[in-house]
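Engineer: Fold the following for me, if possible:
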Amino acid sequence: MINYRIEIFGGIVIKSSNKKLLTVAVIVFVILIIGMVWWSFLANRPGASPQIEPLVPATPDNKSTGDVPLAASVAKNLDTPWALDFLPDGSIIFTERDGRIRLIDAREGLLVNPLLTIDEVAPTGEGGLLGIAVHPDFSQNPFIYVYYTYQNGSGLANKAVRFRMQDRSLLDEKLIIDSIPAASIHDGGRVKFGPDGLLYITTGDAAASNSAQDKNSLAGKILRLNDNGTIPETNPFPGSPVFSFGHRNPQGLAWDDKGRLWATEHGSQAYDELNLIEAGKNYGWPDIRGDEKAQGLVSPVLHSGTDTWAPSGIAYFNGSLFFTGLRGQSLFEVIIGEKPNLRRHLDRDFGRLRDVVVGPDNFLYILTSNRDGRGVPAGDDDRIIRINPGKLE
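Structural biologist: Alright, predicted model coming up:
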């Protein structure tokens with residue numbers, strides 16, 4: 001009997017008297033090594049991140065941020081959080097993509113049990129329980145709005161619904177809008193109230209790019225509705241919830257101090273976008289991207305070129321737009337001016353970032369998304385982290 005012996009990386013020795021068995025063992029080992037290298041490449045995360053301090057409560061009237069650390073932990077060990085909003089008392093309500101709506105109580109911290117688990121949610125691919133918004137007049141209208149993907153017959157669809165919040169219960173579900181096309185990719189999902197008191201919703205093209213140009217389709221759009229789901233009379237297309245069209249996969253909405261609406265959008269083969277949104281305008285997908293121009297189509301204010309941001313949530317604070325990067329693994333800042341200036345913060349420090357919201361204390365709150373199947377989670381991922389904008393470099 002012939003004994004085969006092979007020595008490989010690090011002095012590991014494989015012995016076998018069976019040549020076929022030895023060959024299989026070597027192939028499996030090589031595949032394992034290649035997989036580890038590829039996974040590391042995709043995640044692109046360093047071994048250590050900045051120190052996250054324990055959360056010290058900050059109040060809106062706290063004028064000095066010098067003693068507040070750059071990053072403070074708000075919640076950890078979450079399961080793919082997607083969006084958050086603040087209640088009037090400073091509590092944080094947020095979604096987890098599998099269907100849970102959870103609460104970080106201003107006094108008690110993260111509650112163990114969710115406020116509600118929506119069993120209908122279909123967390124397929126990029127879909128699931130996505131955006132969340134608190135009614136701007138919550139004391140009179142204690143409503144919580146969410147957007148999610150569900151199984152609709154043999155396919156998928158997206159819808160927005162609202163609940164009435166009573167103590168720690170979400171009751172009286174009401175449908176706001178339904179039959180938004182869905183797929184395993186490009187589901188949009190952001191819901192935000194604008195300064196006009198109307199509800200804005202981003203939808204993706206659901207992997208059917210031409211639908212973004214079809215004003216009769218709800219795919220690839222930014223929608224605008226009254227808080228009860230009816231269509232505002234001031235919408236640009238009479239009887240339609242469509243506010244703007246020609247979008248691929250917009251996932252961020254924010255208004256600046258002039259009341260202008262900005263949106264982030266995932267591009268095709270990079271070419272991610274920051275757009276200034278106006279009612280009734282066509283933002284070009286799939287006909288143009290990047291610096292390309294065409295009559296009647298609006299080009300982005302800023303785009304990533306051949307780089308990839310994979311932008312999601314966006315917030316306006318103190319003259320700048322801050323937006324999160326998934327594959328970009330950073331918090332990006334755009335200083336608004338005649339020529340927008342892009343800065344990059346927290347580069348690969350916390351992995352994939354999904355959302356950013358300005359809190360009532362004037363700090364930024366970010367969500368990580370390292371358990372979404374495309375990242376490498378740290379031991380306490382996913383997290384909500386408070387960021388002191390005064391210490392960003």
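Engineer: Sticking with residue 132, tell me its helix or strand.
Structural biologist: Assigned by DSSP states H and E, residue 132 belongs to strand 129-134.
Engineer: residues making contact with that strand?
Structural biologist: Contact with strand 129-134 is made by 82-87, 93-101, 118, 121, 123, 143-149, 187-193, 199, 201-202, as judged by C-beta atoms under 8 Å, 6 or more residues apart in numbering. Any C-beta I mention is one placed from the backbone N, CA and C, and that applies to glycine too.
Engineer: Could you turn the buried ones of the residues you listed into a ChimeraX selection?
Structural biologist: The following ChimeraX line selects those of these that are buried, judged by 16 or more other C-beta atoms under 10 Å:
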select :82,83,84,85,86,87,93,94,95,96,97,98,99,100,101,118,121,123,143,144,145,146,147,148,149,187,188,189,190,191,192,193,199,201,202
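Engineer: Rank the helices and strands of this protein by mean pLDDT and give me the bottom one.
Structural biologist: strand 4-8 (a mean of 43; mean pLDDT, DSSP states H and E).
Engineer: mind listing the helices for the stretch 201-350 of the chain?
Structural biologist: Counting by DSSP state H, counting those that start in this stretch, the stretch 201-350 of the chain forms no helices at all.
Engineer: Next, count neighbours for the residue nearest to residue 96 when sequence neighbours are not counted.
Structural biologist: Closest residue to residue 96 in three dimensions, ignoring its sequence neighbours and counting by C-beta to C-beta, 6 or more residues apart in numbering: residue 79, at 4.9 Å. Using other C-beta atoms under 10 Å, the number of residues around residue 79 comes to 14.
Engineer: pretty sure residue 79 contacts residue 381?
Structural biologist: No. Using C-beta atoms under 8 Å, residue 79 is not in contact with residue 381, being 9.5 Å away.
Engineer: after the helix or strand where residue 145 lies comes which helix or strand?
Structural biologist: Assigned by DSSP H and E, residue 145 belongs to strand 143-152. Under the assignment DSSP H and E, the closest C-terminal helix or strand after strand 143-152 is strand 155-166.
Engineer: Flag every buried residue along that next one.
Structural biologist: With burial defined by 16+ other C-beta under 10 Å, the residues of strand 155-166 counted as buried are 156, 157, 158, 159, 160, 161, 162, 163, 165.
Engineer: tell me which residues form a beta bridge with the first one?
Structural biologist: When bridges are assigned using DSSP bridges, the partners listed for residue 156 are residue 151.
Engineer: what's it in contact with, if anything?
Structural biologist: For residue 156, the contact set (C-beta under 8 Å, 6+ apart) comprises 122, 124, 127, 149, 150, 182, 183, 184.
Engineer: Go through the contacts of strand 129-134 and flag which are in strands.
Structural biologist: The strands, defined by DSSP state E, take in 82-86, 93-96, 100-101, 143-149, 191-193, 199, 201-202 from the contacts of strand 129-134.
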